[in-house]
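K.L.:
got a sequence here, can you build the structure:
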Amino acid sequence: MSASFGIGNREPTRSNIIDNATPPKPERLADLELNYTYTNNTKHTLALTAYYMHHKNQLVLTGNLNNVGTPIQQNVGSSYRTGIELNGATQLHRKLRFEGNVALSQNKIASFEQTTSIYSNNWDWLADTTLLYKNVAISFSPQVVAAAILSYQPFKGTEIALTSKYVGKQYLDNTQNPNRTLNAYWVNNAQMSYTRKTKWCKEIGFNVQLNNLLNTLYEANGWTYFVLFNENNTINSTNYNNYYPQAGFNFLAGLTLKW
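P.N.:
Here you go, the predicted structure:
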(Lines give C-alpha, C1' and ligand atoms only; values in the text may rest on other atoms or scores of the structure.)
Protein backbone atom coordinates (compact mmCIF):
# COMPACT_ATOMS: atom_id res chain seq x y z
CA MET A 1 0.00 0.00 0.00
CA SER A 2 1.29 3.47 -0.80
CA ALA A 3 0.24 7.11 -0.83
CA SER A 4 1.48 10.09 -2.80
CA PHE A 5 0.85 13.81 -3.04
CA GLY A 6 2.03 16.11 -5.79
CA ILE A 7 1.61 19.62 -7.12
CA GLY A 8 1.92 20.49 -10.78
CA ASN A 9 1.67 23.61 -12.91
CA ARG A 10 1.10 24.01 -16.64
CA GLU A 11 1.30 27.10 -18.81
CA PRO A 12 -1.36 27.78 -21.47
CA THR A 13 -0.47 26.67 -24.98
CA ARG A 14 -0.22 28.98 -27.96
CA SER A 15 -3.64 27.77 -29.11
CA ASN A 16 -5.14 28.61 -25.69
CA ILE A 17 -3.81 32.15 -25.97
CA ILE A 18 -5.08 32.67 -29.53
CA ASP A 19 -8.54 31.19 -28.87
CA ASN A 20 -9.40 33.24 -25.76
CA ALA A 21 -10.46 36.88 -25.76
CA THR A 22 -8.72 37.42 -22.41
CA PRO A 23 -5.27 35.96 -21.66
CA PRO A 24 -5.68 32.47 -20.10
CA LYS A 25 -4.10 31.74 -16.73
CA PRO A 26 -1.71 28.86 -15.94
CA GLU A 27 -3.21 25.75 -14.39
CA ARG A 28 -2.34 24.47 -10.93
CA LEU A 29 -3.03 20.92 -9.77
CA ALA A 30 -2.84 19.31 -6.32
CA ASP A 31 -3.09 15.52 -6.55
CA LEU A 32 -3.56 13.04 -3.68
CA GLU A 33 -3.50 9.30 -4.41
CA LEU A 34 -3.81 6.11 -2.35
CA ASN A 35 -2.75 2.81 -3.92
CA TYR A 36 -3.18 -0.81 -2.91
CA THR A 37 -1.83 -3.79 -4.88
CA TYR A 38 -2.40 -7.50 -4.25
CA THR A 39 -0.55 -10.31 -6.05
CA ASN A 40 -0.95 -14.06 -5.63
CA ASN A 41 1.90 -16.00 -7.28
CA THR A 42 1.47 -13.96 -10.49
CA LYS A 43 -1.79 -15.82 -11.23
CA HIS A 44 -4.02 -13.18 -9.68
CA THR A 45 -3.33 -9.46 -9.41
CA LEU A 46 -5.50 -6.63 -8.13
CA ALA A 47 -4.70 -2.93 -7.94
CA LEU A 48 -6.92 -0.25 -6.42
CA THR A 49 -6.27 3.48 -6.66
CA ALA A 50 -8.28 6.26 -5.04
CA TYR A 51 -7.49 9.83 -6.01
CA TYR A 52 -8.52 13.43 -5.51
CA MET A 53 -7.29 16.10 -7.92
CA HIS A 54 -8.02 19.73 -7.15
CA HIS A 55 -7.51 22.20 -9.99
CA LYS A 56 -7.13 25.94 -9.96
CA ASN A 57 -7.75 27.62 -13.33
CA GLN A 58 -8.07 24.27 -15.08
CA LEU A 59 -8.22 24.60 -18.87
CA VAL A 60 -11.28 22.59 -19.89
CA LEU A 61 -12.83 21.99 -23.31
CA THR A 62 -15.69 24.38 -24.04
CA GLY A 63 -17.26 22.10 -26.64
CA ASN A 64 -16.58 24.67 -29.40
CA LEU A 65 -14.06 24.62 -32.24
CA ASN A 66 -11.93 27.47 -33.55
CA ASN A 67 -11.81 28.53 -37.21
CA VAL A 68 -9.47 25.68 -38.14
CA GLY A 69 -11.39 22.98 -36.28
CA THR A 70 -9.26 22.75 -33.13
CA PRO A 71 -11.14 22.28 -29.81
CA ILE A 72 -11.18 25.43 -27.66
CA GLN A 73 -10.27 25.42 -23.96
CA GLN A 74 -11.08 27.97 -21.26
CA ASN A 75 -10.10 28.49 -17.62
CA VAL A 76 -12.50 27.57 -14.84
CA GLY A 77 -11.60 28.92 -11.42
CA SER A 78 -12.01 25.89 -9.15
CA SER A 79 -12.67 22.30 -10.18
CA TYR A 80 -11.89 18.77 -9.08
CA ARG A 81 -11.68 15.18 -10.28
CA THR A 82 -12.07 12.36 -7.79
CA GLY A 83 -12.70 8.65 -8.05
CA ILE A 84 -11.39 5.12 -7.89
CA GLU A 85 -9.65 2.92 -10.43
CA LEU A 86 -9.66 -0.87 -10.19
CA ASN A 87 -7.38 -3.09 -12.28
CA GLY A 88 -7.22 -6.85 -12.09
CA ALA A 89 -6.05 -9.96 -13.90
CA THR A 90 -6.45 -13.66 -13.30
CA GLN A 91 -5.13 -16.80 -14.97
CA LEU A 92 -8.36 -18.79 -15.39
CA HIS A 93 -6.54 -21.66 -17.02
CA ARG A 94 -3.05 -22.42 -18.23
CA LYS A 95 -4.08 -21.04 -21.64
CA LEU A 96 -6.88 -18.67 -20.65
CA ARG A 97 -6.39 -15.25 -19.03
CA PHE A 98 -8.79 -12.48 -18.04
CA GLU A 99 -7.86 -8.82 -17.49
CA GLY A 100 -10.16 -5.95 -16.65
CA ASN A 101 -10.31 -2.42 -15.33
CA VAL A 102 -12.96 0.05 -14.32
CA ALA A 103 -12.77 3.73 -13.37
CA LEU A 104 -15.54 5.53 -11.48
CA SER A 105 -15.22 9.28 -11.07
CA GLN A 106 -16.84 12.60 -10.34
CA ASN A 107 -15.53 15.55 -12.37
CA LYS A 108 -17.00 18.88 -11.30
CA ILE A 109 -16.61 22.62 -11.77
CA ALA A 110 -17.50 24.58 -8.65
CA SER A 111 -18.62 27.74 -10.43
CA PHE A 112 -18.02 29.54 -13.70
CA GLU A 113 -19.57 32.26 -15.82
CA GLN A 114 -20.25 32.14 -19.55
CA THR A 115 -20.95 35.24 -21.62
CA THR A 116 -23.17 34.77 -24.67
CA SER A 117 -25.39 36.84 -26.95
CA ILE A 118 -29.15 37.05 -27.33
CA TYR A 119 -30.64 37.34 -30.83
CA SER A 120 -34.01 38.00 -32.36
CA ASN A 121 -35.64 35.41 -34.62
CA ASN A 122 -34.06 37.25 -37.55
CA TRP A 123 -30.59 36.90 -36.02
CA ASP A 124 -30.42 40.55 -35.02
CA TRP A 125 -28.15 41.02 -32.01
CA LEU A 126 -30.13 42.26 -29.00
CA ALA A 127 -27.83 42.02 -25.98
CA ASP A 128 -25.09 40.11 -24.22
CA THR A 129 -25.79 38.16 -21.07
CA THR A 130 -23.74 36.23 -18.52
CA LEU A 131 -24.85 32.76 -17.47
CA LEU A 132 -23.72 31.35 -14.11
CA TYR A 133 -23.24 27.61 -13.59
CA LYS A 134 -22.50 25.94 -10.26
CA ASN A 135 -21.37 22.39 -9.47
CA VAL A 136 -21.61 21.14 -13.06
CA ALA A 137 -19.84 18.26 -14.79
CA ILE A 138 -16.62 18.88 -16.70
CA SER A 139 -17.04 18.39 -20.43
CA PHE A 140 -15.91 15.12 -22.05
CA SER A 141 -15.41 13.47 -18.65
CA PRO A 142 -17.43 10.23 -18.34
CA GLN A 143 -18.23 8.99 -14.86
CA VAL A 144 -17.69 5.36 -15.88
CA VAL A 145 -15.00 3.84 -18.10
CA ALA A 146 -14.43 0.08 -18.19
CA ALA A 147 -12.57 -2.46 -20.31
CA ALA A 148 -12.02 -6.22 -20.33
CA ILE A 149 -9.76 -8.61 -22.24
CA LEU A 150 -10.22 -12.37 -22.48
CA SER A 151 -7.23 -14.00 -24.15
CA TYR A 152 -6.70 -17.62 -25.15
CA GLN A 153 -3.51 -19.30 -26.35
CA PRO A 154 -4.49 -22.61 -28.01
CA PHE A 155 -0.86 -23.43 -28.81
CA LYS A 156 2.56 -21.83 -28.79
CA GLY A 157 2.82 -18.60 -30.76
CA THR A 158 -0.93 -18.21 -31.20
CA GLU A 159 -3.29 -15.94 -29.29
CA ILE A 160 -6.97 -15.08 -29.67
CA ALA A 161 -8.27 -12.13 -27.67
CA LEU A 162 -11.70 -10.60 -27.21
CA THR A 163 -11.77 -7.02 -25.90
CA SER A 164 -14.70 -4.97 -24.67
CA LYS A 165 -14.77 -1.27 -23.83
CA TYR A 166 -17.50 0.78 -22.19
CA VAL A 167 -17.53 4.59 -21.97
CA GLY A 168 -20.28 6.35 -20.05
CA LYS A 169 -22.27 9.42 -21.02
CA GLN A 170 -20.30 12.62 -21.59
CA TYR A 171 -21.34 16.26 -21.76
CA LEU A 172 -20.32 18.23 -24.85
CA ASP A 173 -19.85 21.44 -22.87
CA ASN A 174 -19.63 22.58 -19.24
CA THR A 175 -23.31 23.43 -18.69
CA GLN A 176 -24.40 19.86 -17.80
CA ASN A 177 -27.29 20.30 -20.21
CA PRO A 178 -28.86 16.88 -21.01
CA ASN A 179 -29.48 18.07 -24.58
CA ARG A 180 -25.75 18.45 -25.23
CA THR A 181 -24.30 15.00 -24.62
CA LEU A 182 -22.50 12.04 -26.10
CA ASN A 183 -24.39 8.84 -25.37
CA ALA A 184 -22.67 5.99 -23.56
CA TYR A 185 -21.30 3.28 -25.83
CA TRP A 186 -19.99 -0.28 -25.62
CA VAL A 187 -17.71 -1.71 -28.32
CA ASN A 188 -16.33 -5.22 -28.79
CA ASN A 189 -13.25 -6.18 -30.81
CA ALA A 190 -11.36 -9.39 -31.51
CA GLN A 191 -7.74 -10.02 -32.39
CA MET A 192 -5.96 -13.14 -33.63
CA SER A 193 -2.19 -13.40 -33.92
CA TYR A 194 0.30 -16.08 -34.87
CA THR A 195 4.10 -15.88 -34.73
CA ARG A 196 6.79 -18.42 -35.41
CA LYS A 197 10.50 -18.64 -36.08
CA THR A 198 11.72 -19.80 -39.48
CA LYS A 199 15.00 -20.74 -41.07
CA TRP A 200 14.91 -17.87 -43.56
CA CYS A 201 13.96 -15.04 -41.16
CA LYS A 202 14.14 -14.41 -37.44
CA GLU A 203 10.37 -14.30 -36.98
CA ILE A 204 7.21 -14.16 -39.08
CA GLY A 205 3.91 -12.96 -37.72
CA PHE A 206 0.29 -12.79 -38.89
CA ASN A 207 -2.30 -10.56 -37.24
CA VAL A 208 -6.03 -10.03 -37.85
CA GLN A 209 -8.12 -7.43 -36.03
CA LEU A 210 -11.91 -7.49 -36.14
CA ASN A 211 -13.21 -4.15 -34.88
CA ASN A 212 -16.74 -3.31 -33.69
CA LEU A 213 -17.94 -6.90 -33.94
CA LEU A 214 -21.57 -6.03 -33.20
CA ASN A 215 -21.61 -3.17 -35.72
CA THR A 216 -22.53 -0.73 -32.95
CA LEU A 217 -23.60 2.75 -34.02
CA TYR A 218 -21.93 5.30 -31.76
CA GLU A 219 -20.11 8.62 -31.59
CA ALA A 220 -16.88 8.94 -29.62
CA ASN A 221 -16.49 12.71 -29.94
CA GLY A 222 -18.29 15.86 -31.01
CA TRP A 223 -18.73 19.57 -30.52
CA THR A 224 -21.58 21.93 -29.75
CA TYR A 225 -22.71 25.51 -29.40
CA PHE A 226 -25.99 27.10 -28.41
CA VAL A 227 -27.75 30.35 -29.28
CA LEU A 228 -30.22 32.31 -27.16
CA PHE A 229 -33.24 33.73 -28.96
CA ASN A 230 -35.77 36.25 -27.64
CA GLU A 231 -39.16 34.96 -28.70
CA ASN A 232 -42.06 37.10 -27.48
CA ASN A 233 -40.00 38.31 -24.52
CA THR A 234 -39.11 34.72 -23.62
CA ILE A 235 -35.49 33.59 -23.86
CA ASN A 236 -35.11 30.18 -25.46
CA SER A 237 -31.97 28.18 -26.19
CA THR A 238 -31.33 26.40 -29.49
CA ASN A 239 -28.63 23.70 -29.49
CA TYR A 240 -26.40 22.88 -32.42
CA ASN A 241 -24.81 19.49 -31.71
CA ASN A 242 -22.28 17.93 -34.07
CA TYR A 243 -20.94 14.39 -33.82
CA TYR A 244 -18.09 12.28 -35.17
CA PRO A 245 -19.65 8.89 -36.00
CA GLN A 246 -17.36 5.91 -35.67
CA ALA A 247 -16.87 3.07 -38.13
CA GLY A 248 -19.14 0.05 -38.03
CA PHE A 249 -17.70 -3.44 -38.34
CA ASN A 250 -14.24 -3.30 -39.95
CA PHE A 251 -11.13 -5.45 -40.07
CA LEU A 252 -7.40 -5.12 -40.46
CA ALA A 253 -4.89 -7.82 -41.41
CA GLY A 254 -1.11 -7.59 -41.18
CA LEU A 255 2.08 -9.47 -41.86
CA THR A 256 5.36 -8.77 -40.04
CA LEU A 257 8.82 -10.09 -40.79
CA LYS A 258 11.84 -9.78 -38.51
CA TRP A 259 15.31 -10.45 -39.90
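
K.L.:
who's in contact with residue 173?
P.N.:
The contact partners of residue 173, by CB atoms under 8 Å, 6 or more residues apart in numbering, come to 61, 62, 63, 64, 139, 180, 224, 226. C-beta here means a position set from N, CA and C on the backbone, and glycine is covered the same way.

K.L.:
now intersect those with the strands, please.
P.N.:
Of the contacts of residue 173, the ones assigned to strands by DSSP state E are 61, 62, 63, 64, 224, 226.

K.L.:
out of those, which end up buried?
P.N.:
61, 62, 63, 224, 226 (16 or more other CB atoms under 10 Å).

K.L.:
about what we covered before: which two in the contacts of residue 173 are spaced the farthest apart?
P.N.:
The most widely separated members of the contacts of residue 173, counting by CB to CB, are 61 and 226 (15.2 Å).

K.L.:
one step back: nearest to residue 200, of the contacts of residue 173?
P.N.:
residue 61 (51.6 Å).

K.L.:
what bridges to that closest one?
P.N.:
residue 73 (DSSP bridges).

K.L.:
which residues does it contact?
P.N.:
Residues counted as contacts of residue 61 (CB under 8 Å, 6+ apart) are 71, 72, 73, 139, 140, 173.

K.L.:
sec struct for residue 15, please.
P.N.:
Under DSSP: H, G, I helix; E, B strand; the rest coil, residue 15 falls in the helix class.

K.L.:
tell me how far it lies from residue 74.
P.N.:
Distance from residue 15 to residue 74, counting by CB to CB, to the nearest Å: 12 Å.

K.L.:
is the nearest residue to residue 55 once chain neighbours are set aside in a helix, a strand, or coil?
P.N.:
Leaving aside its sequence neighbours, residue 55 sits nearest to residue 79 (CB to CB, 6 or more residues apart in numbering; 4.7 Å). Classification of residue 79 by three-state DSSP places it in strand.

K.L.:
would you check how far apart the closest residue in space to residue 71 that isn't next to it in sequence and residue 181 are?
P.N.:
Nearest non-adjacent residue to residue 71, counting by CB to CB, 6+ apart: residue 61, 5.3 Å away. For residue 61, the distance to residue 181 (CB to CB) stands at 14 Å.
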